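Visitor: all I have is the shape, not the residue letters:
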Ligand SMILES: NC(=O)c1ccc[n+]([C@@H]2O[C@H](COP(=O)([O-])OP(=O)(O)OC[C@H]3O[C@@H](n4cnc5c(N)ncnc54)[C@H](O)[C@@H]3O)[C@@H](O)[C@H]2O)c1
Ligand SMILES: O=C(O)[C@H](O)COP(=O)(O)O
């Protein structure tokens, strides 16, 4: 049996080459896909076909995917945490330097001297020297960077800024133990966004766009920021109230807004540097994300293992020779395991391995039974109230 995988964005060949063509068909035009492989393609109005088993996002943000609706159908959504983190970190550092040294306008100025004013030779030299004072900037050491969200990207940014001589504050009420270990001990963790904003010259956002982070940088919060400070947004546009930022740039309260999510108003504003969603667009990040997404997806399709899903728990179980594996998605409610094992016992099947994990409203079970299973077993499992999906892997 082969699995049909539909790609909805260009995926690095380094990832696609890992797909064994005797097991996987891959293409852009697949009418009944078993899996989708994508980057930022918007799935919010996508009509989910009954054939679909999984969605793999080669990247970090999954706000382009209706993850809860997918969970309700027993479709895990995978992402690739950390795979593009270095690429974003480098762009954030570049963004700080662009803003601090006014590089964007400075480069425009010199280009205009030649392209618009047609200056050359001595005249060009004179105007270069005469004009440069307008772009004098400031240096990073001694300035304070506030990092909101200390995940894969936030930790790298915090550590890099710290090694550039900046004072770094971090805010993340749900920082993981792994990230806390990676964070430089000189980074000071604060307990509120307000504390961070009031004490920073730059703030940088590294949180997902979810209900709780929508409009996190609001007009009220911007008002509490230090005069002349800079906002860097390489997370998602909706996390910042851009109209409020523009008002603060116009009043002179903020120095610059550097972001990766251009809007009509922002793109033409003189104090906004809007990049075309370039955070993860390096060959290294594209390769890393594609490899990780493909590996996670194939492990799920071939073995039922779930790693780095944003809507189902991690469930990984080695294969035991001579067994048949069942993968079962169910609602997270009492007595599901008891009912599943009762059906297996009724069918005279001996369980060799069993793992069940819950996450929020849903749970996932991998069970290896000795020998072969009859085709009607799946129907008996699906008949249990609360079972969403079951398949023989
Ligand atoms: N510009 C780009 O191309 C680009 C590339 C990669 C990621 N991103 C964006 O960056 C986001 C973060 O990526 P990541 O890889 O670091 O993800 P991550 O999951 O490793 O880290 C996110 C962190 O945010 C924290 N967090 C969540 N809500 C918070 C809140 N209200 N306040 C403070 N912290 C909060 C979490 O605890 C977590 O530690 C992604 O969701 C994506 O939207 C953008
Ligand atoms: O969330 C992410 O990983 C980034 O926004 C990258 O998106 P992209 O893969 O569409 O460049």
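Guide: Now that the structure is in, tell me what you want to look at. Keep in mind it's a predicted model, so treat the numbers as computed, not measured. Numbering: from 1, shown residues only. Ligands and ions are numbered 1, 2, ... in the order given.
Visitor: for residue 326, what are its contacts?
Guide: Under the criterion of Cβ atoms under 8 Å, 6 or more residues apart in numbering, the neighbours of residue 326 are 365-369, 373, 377-378, 381, 390-393. Quick note: C-beta positions are derived from backbone N, CA and C, even for glycine.
Visitor: redo that, cut-off 7 Å
Guide: Applying Cβ atoms under 7 Å, 6 or more residues apart in numbering to residue 326 gives the contacts 367, 369, 390, 392.
Visitor: what about it, distance to ligand 2?
Guide: Between residue 326 and ligand 2 the computed distance is 33 Å (Cβ to the nearest ligand atom, to the nearest Å).
Visitor: please, which helix or strand holds that residue?
Guide: Under DSSP states H and E, the secondary-structure element containing residue 326 is strand 323-331.
Visitor: buried set for the following helix or strand past that strand?
Guide: Reading on from strand 323-331 to the C-terminus, the next helix or strand found by DSSP H and E is helix 336-346. Residues of helix 336-346 classed as buried: 336, 339, 340, 341, 343, 344 (neighbour count, 16 or more other Cβ atoms under 10 Å).
Visitor: go on, stretch 383-392?
Guide: Applying a neighbour-count criterion of 16+ other Cβ under 10 Å, the buried positions in stretch 383-392 are 384, 386, 387, 388, 389, 390.
Visitor: I figured the second one hits residue 336, correct?
Guide: Just to be clear, that refers to residue 386. Yes: here residue 386 reaches residue 336: they are 5.7 Å apart, a contact under Cβ atoms under 7 Å.
Visitor: any shared contact partners between these two?
Guide: Shared contacts of residue 386 and residue 336, defined by Cβ under 7 Å, 6+ apart, are found at residue 330.
Visitor: about what we covered before: now, the buried residues of stretch 383-392 that are in strands?
Guide: Using DSSP state E, the subset of the buried residues of stretch 383-392 located in strands is 387, 388, 389, 390.
Visitor: can you tell me the element residue 173 falls in?
Guide: No secondary structure element spans residue 173, as it lies outside all helices and strands (assigned by DSSP H and E).
Visitor: what is the burial count for it?
Guide: 9 (other Cβ atoms under 10 Å).
Visitor: not counting sequence-adjacent ones, nearest residue to it?
Guide: Sequence neighbours aside, residue 191 is the residue nearest to residue 173 in space, at 7.8 Å (criterion: Cβ to Cβ, 6 or more residues apart in numbering).
Visitor: and this protein, which of its residues are near ligand 1?
Guide: 60-61, 81, 84-85, 88, 148-154, 171-172, 174-175, 206-209, 212-213, 234-236, 260, 277, 279-280 (Cβ under 6 Å from any ligand atom).
Visitor: quick one: which helix or strand includes residue 129?
Guide: Under the criterion DSSP H and E, the helix or strand holding residue 129 is helix 121-131.
Visitor: ok, so of the buried residues of stretch 383-392, who is nearest residue 349?
Guide: Sorting those by distance to residue 349 puts residue 390 at the head of the list, at 13.7 Å, by Cβ to Cβ.
Visitor: what does the helix holding residue 129 contact?
Guide: When contacts are taken as Cβ under 7 Å, 6+ apart, the neighbours of helix 121-131 outside the stretch itself are 109, 110, 113, 114, 119.
Visitor: of those, grab the buried ones for ChimeraX.
Guide: Taking 16+ other Cβ under 10 Å as the burial criterion, the selection of buried members of the contacts of helix 121-131 in ChimeraX is written as:
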select :109,110,113,119
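Visitor: burial check on whichever residue of the stretch 101-250 of the chain sits closest to ligand 2, number of neighbours?
Guide: For the stretch 101-250 of the chain and ligand 2, the shortest gap (Cβ to the nearest ligand atom) falls at residue 236, measuring 7.5 Å. Residue 236 sits with 21 neighbouring residues when counted by other Cβ under 10 Å.
Visitor: OK, contacts around it?
Guide: Taking Cβ under 7 Å, 6+ apart as the criterion, residue 236 is in contact with 61, 63, 209, 261.
Visitor: identify the residues contacting the last one.
Guide: In this structure, residue 261 makes contact with 233, 236, 237, 277, judged by Cβ under 7 Å, 6+ apart.
Visitor: as a markdown table, the contacts of residue 326 with pLDDT, distance to residue 166 and secondary structure would be great.
Guide: Conversion of those to a markdown table gives the following (pLDDT from 0 to 100; distance: Cβ to Cβ, whole Å; DSSP: H, G, I helix; E, B strand; the rest coil):
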| residue | pLDDT | distance to residue 166 | secondary structure |
| --- | --- | --- | --- |
| 367 | 98 | 52 | strand |
| 369 | 98 | 57 | strand |
| 390 | 97 | 53 | strand |
| 392 | 96 | 55 | strand |
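Visitor: just curious, which of those is nearest to residue 46?
Guide: Using Cβ to Cβ, residue 390 is the member of the contacts of residue 326 that lies nearest residue 46, at 23.6 Å.
Visitor: distance-wise, check the closest one relative to residue 343.
Guide: The gap separating residue 390 from residue 343 is 10 Å, by Cβ to Cβ, to the nearest Å.
Visitor: common neighbours of these two, please.
Guide: Between them, residue 390 and residue 343 have residue 381 as joint contacts when contacts are counted by Cβ under 7 Å, 6+ apart.
Visitor: and the residue positioned nearest the centre of the chain, what element?
Guide: Among the residues of the chain, the one closest to the centroid is residue 60, at 1.8 Å (Cα atoms, centre = their mean). Of the helices and strands defined by DSSP H and E, none includes residue 60.
Visitor: got the contact list for the lengthiest helix in the chain?
Guide: Longest helix of the chain, by residue count under DSSP state H: helix 283-303. If you take Cβ under 7 Å, 6+ apart as the criterion, helix 283-303 is touched by 3, 11-12, 14-16, 18-19, 23, 34-35, 37, 53-54, 56-59, 76, 78, 80, 83-84, 87, 280, 305-308, 319, 393.
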